[in-house]
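A.B. asks: Sequence first, predicted model second:
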Amino acid sequence: MMGAINTREENIMNKNKKFTAIAAAAFLASSTAVTAGEVEVLHWWTSGGEAASVNYLKEKLSGAGVSWTDFAVAGGGGENAMTVLKSRAISGNPPTAAQIKGPSIQEWGDLGFLADIDSVAQENDWDNLLPSVVSDVMKHNGKYVAAPVNVHRVNWLWSNPEVFRKSGATIPTTWDDFMVQAKKIQDAGYIALAHGGQAWQDATVFEAVVLGVGGPDYYQKAFVETDIAALESDTTTAVFETFGNLRQFIDSNSPGRDWNVATSMVINGEAAMQIMGDWAKGEFKVAGKSVGTDYTCTAAPGTSGSFTFNVDSFAFFSQSDSNNQQAQKVMAKEILGSDFQEVFNLNKGSIPARLGMSRDKFDSCAHDSMDAFVASSQTGGLVPSFAHGMAVSSAVSGAIYDAVTNFFNSDQSAEEGAKQLVSAVKAAK
Amino acid sequence: MLNFLEKHLPKIVIAPTTLAMIVCMYGFILWTGLLSFTKSRMMPQWEYVGFEQYIRLFENPRWHVALDNLAVFLILFIAISLALGLLLAIFLDQKIRNEGVIRTIYLYPMAISFIVTGTAWKWILNPGLGIEKIFRDMGFLDFEFRWLVEQDMAIYTIVIAAVWQSSGFVMAMFLAGLRGVDDNLVKAAKIDGASTFRSYWHVILPIMRPVFFSAVVILTHIAIKSFDLVQALTGGGPGYSSDLPANFMYTFAFNRAQMGLGAASAMVMLFGVLAVLIPYLYSELRERET
């Protein structure tokens, strides 16, 4: 399990032990700088760009004298990683840090596993570097226990302008307009909406509809606070009405399709649009497409002033070894450092979690995202994504997934869909 | 000393296995049973809530879909695998040429994992890639075969893939059974004027009753633990229409931090299996004793 760096580090440590045994006490101080402990990091960033980003963090840490033990557990949404993490935590041997996000941080905090890194946060002024919606998620009982690495915007509409031109359609800005334009695209012989029929993708599209039709206030009440009165309102039925209308614009082969396959349909000009978070940009880039001419990014219909955020973060677990505690703090500091934030987010397609960074290297989609992030945080349009585990507990988001995906894949009416959603959320709360 | 060893060696050798069985099987069954009566969410948590998790379980529409699917899958999978396997075995038993080659061909799917089977069938059954596309490219433009993407039919695609994988194995079992039937009995039936069909139906198949028993037991446990096949073939979709209880249990216990609910579903699965197997084992074993 241990990489080459660690063995080297151990050798150094062993040598140091021998050395200190015979050397004068005065040398002790210098040797502790080298053995600054190690971090073991659980994550599931194993694919190309993501792995490169993690490696960058590893290099930064080894520069600071901290060795890195990689504890990568592959598997998309991190479900496998979470299972491993639970067993490690129960057996009293949690890793130094793990990729945990959203309300799960609170769940782990409630169980008493997380380490207080507030001193690092105070030293580096995190309260002013981070927007409060982000820092709130990172705190448990008012103390920082996690560090954010990025901010994804989920409510993006990716379009192929060529397909739009050929079918005489324009990029829709409201959901009503979407239905009109999608019809034109379909009549011209293209697939209007590229979509993969997996529960989380259904929920991603549903989330955009909720925000576009219901607005941020309704979104906040119904899907963040899970207020039953708001969920039972007519707005929910209207949301399901619009969501149900989308069924006709999706090709019948969609069930089970992966999101990146759907993205490639937009890239190839088979389909006109896709609603997906900004990680889709990576697919366009890999295909050698340039933004503006080959593809465009706009806010999902009716959500231009809003921003559904999905923040990845590392949560820190309590350590008994004081060297490792120190290493943990170094890691926390590096994560919020502007170097790492820039490199990581350029690779991942997201935007930095900290404010006030140079934006020269980012592309226009990221600029839009940064502007919307700041603007929406002032208007209240900045809301956590429930489709990506940022808004509600995994039990409730699972219940929403079930209701949404079942509705979308059947021919249920909007009323039935709304009723089903309410009862599922009630049962899971 | 030697005497002692002679007397106790078998017990000593078997003890570790027995211990492992007791802890890893029955111990964990007990533990899961206890968990199902607690409030456990992300982690085990020993707050007793009675049958609340079971009530929540049976109020969950997804659980009912999973149960219905299991019933459909169990019945069709076992019936079709048995029928096909038996038929193949009888045909192969007609002293044909190249029997070895043919037998290997039919047996081979069993060597593949369910993940591979599921992925391959996902492509074959996908309307845009597989059978439907082939027929449409051949000119049958109205041809439709899209069970994989239809909510009502998706569970049948799982039956197809599972039967494809397992019927060869059932065939091998029956073939071994057929080879074990005493030739004289068949000849005697022939002399008495029984047709081929009648001699199979009244003489050979009854002799093979233990083979049926083993085949049903093996197929039942394959069916109930089918998890990987669903995961690879349909992912439980469209929606959650092709979920089986094992998938439900995994999703709720591990992905959704509802360990109590997951444990409750696991217990219901266990009792479902016992309800089928105990009467069957009982009747089979009792008959053999008499």
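C.D. replies: It's in.

A.B. asks: Now do the same contact list for the closest residue to residue A:300 other than its chain neighbours.
C.D. replies: Of all residues not flanking residue A:300 in the chain, residue A:208 sits nearest, at 3.8 Å (CB to CB, 6 or more residues apart in numbering or on different chains). In short, each C-beta sits where N, CA and C put it, glycine included. Residues near residue A:208 by CB atoms under 8 Å, 6 or more residues apart in numbering or on different chains: A:154-155, A:157, A:275, A:300-301, A:303, A:308.

A.B. asks: just to confirm, which helix or strand has residue A:208 in it?
C.D. replies: Counting by DSSP states H and E, the element that carries residue A:208 is helix A:199-209.

A.B. asks: returning to what we had before: just curious, which of the contacts of residue A:208 is nearest to residue A:233?
C.D. replies: residue A:303 (19.3 Å; CB to CB).

A.B. asks: my guess is that closest one contacts residue A:155, does it?
C.D. replies: Yes: with contacts counted by CB atoms under 8 Å, residue A:303 reaches residue A:155, the gap being 4.7 Å.

A.B. asks: Look at the most centrally placed residue in chain A and give its secondary structure.
C.D. replies: Central residue of chain A (CA atoms, centre = their mean): residue A:310, 3.8 Å from the mean position. Three-state assignment for residue A:310 (DSSP: H, G, I helix; E, B strand; the rest coil): strand.

A.B. asks: Just give me the neighbour total for residue A:180.
C.D. replies: 12 (other CB atoms under 10 Å in any protein chain shown).

A.B. asks: got the CA coordinates for the particular helix or strand that has it in it in CSV?
C.D. replies: Here residue A:180 sits within helix A:175-187, counting by DSSP H and E. C-alpha atoms of helix A:175-187 as CSV (Å, rounded to 0.1, in the frame of the first residue of the first chain):
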residue,chain,number,x,y,z
TRP,A,175,-38.6,26.1,-19.9
ASP,A,176,-41.6,27.2,-22.0
ASP,A,177,-39.2,28.3,-24.7
PHE,A,178,-37.3,25.0,-24.3
MET,A,179,-40.3,23.0,-25.3
VAL,A,180,-40.7,25.2,-28.5
GLN,A,181,-37.1,25.0,-29.5
ALA,A,182,-36.8,21.3,-28.7
LYS,A,183,-39.7,20.6,-30.9
LYS,A,184,-38.0,22.4,-33.8
ILE,A,185,-34.8,20.4,-33.2
GLN,A,186,-36.6,17.2,-33.1
ASP,A,187,-38.5,18.0,-36.3
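
A.B. asks: one step back: if I look at the residue nearest to the centre of chain A, how far off is residue A:300?
C.D. replies: Using CB to CB, to the nearest Å, residue A:310 is found at 14 Å from residue A:300.

A.B. asks: Give the buried residues for stretch B:51-70.
C.D. replies: B:52-54, B:56-57, B:60, B:62-63, B:65-67, B:69-70 (16 or more other CB atoms under 10 Å in any protein chain shown).

A.B. asks: can you give me the offset of it from its chain's centre?
C.D. replies: Put simply, stretch B:51-70 sits 21 Å off its chain's centre (CA atoms, centre = their mean, to the nearest Å).

A.B. asks: Contact residues of chain A facing chain B?
C.D. replies: A:79, A:82-83, A:86, A:89-90, A:107, A:111, A:197-199, A:251-256, A:393-395, A:397-398, A:402, A:405-410, A:420, A:424, A:427-428 (CB under 8 Å from any CB of the partner chain).

A.B. asks: Now a ChimeraX select for only the buried ones of those.
C.D. replies: Typed into ChimeraX, the next command selects the buried ones out of the residues of chain A next to chain B (criterion: 16+ other CB under 10 Å):
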select /A:82,83,86,89,107,197,198,199,251,253,254,255,256,393,394,395,397,398,402,405,406,407,408,409,410,420,424,427,428
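
A.B. asks: what's the angle from the helix holding residue A:180 to helix A:199-209?
C.D. replies: Going by axes from the mean of the first three to the mean of the last three CA atoms, to 10 degrees, helix A:175-187 is angled at 130 degrees with respect to helix A:199-209.

A.B. asks: mean confidence score for helix A:175-187?
C.D. replies: Taken as a whole, helix A:175-187 has an average pLDDT of 95.

A.B. asks: Only the buried residues of that helix, if you could.
C.D. replies: By 16+ other CB under 10 Å, the buried positions in helix A:175-187 come out as A:175, A:178-179, A:181-182, A:184-186.

A.B. asks: circling back: I'd like to know how far the residue nearest to residue A:300 sits from chain B.
C.D. replies: 19 Å (CB to the nearest CB, to the nearest Å).

A.B. asks: And that residue, what's its pLDDT?
C.D. replies: 96.

A.B. asks: For it, give its distance to residue A:175.
C.D. replies: 9 Å.

A.B. asks: now residue B:7
C.D. replies: 82 Å.

A.B. asks: Which of the three states applies to residue 257?
C.D. replies: Assuming you mean chain A. Assignment for residue A:257 (three-state DSSP): coil.

A.B. asks: please go with chain B instead
C.D. replies: coil.

A.B. asks: where do the contact lists of residue A:208 and residue A:175 overlap?
C.D. replies: residue A:301.
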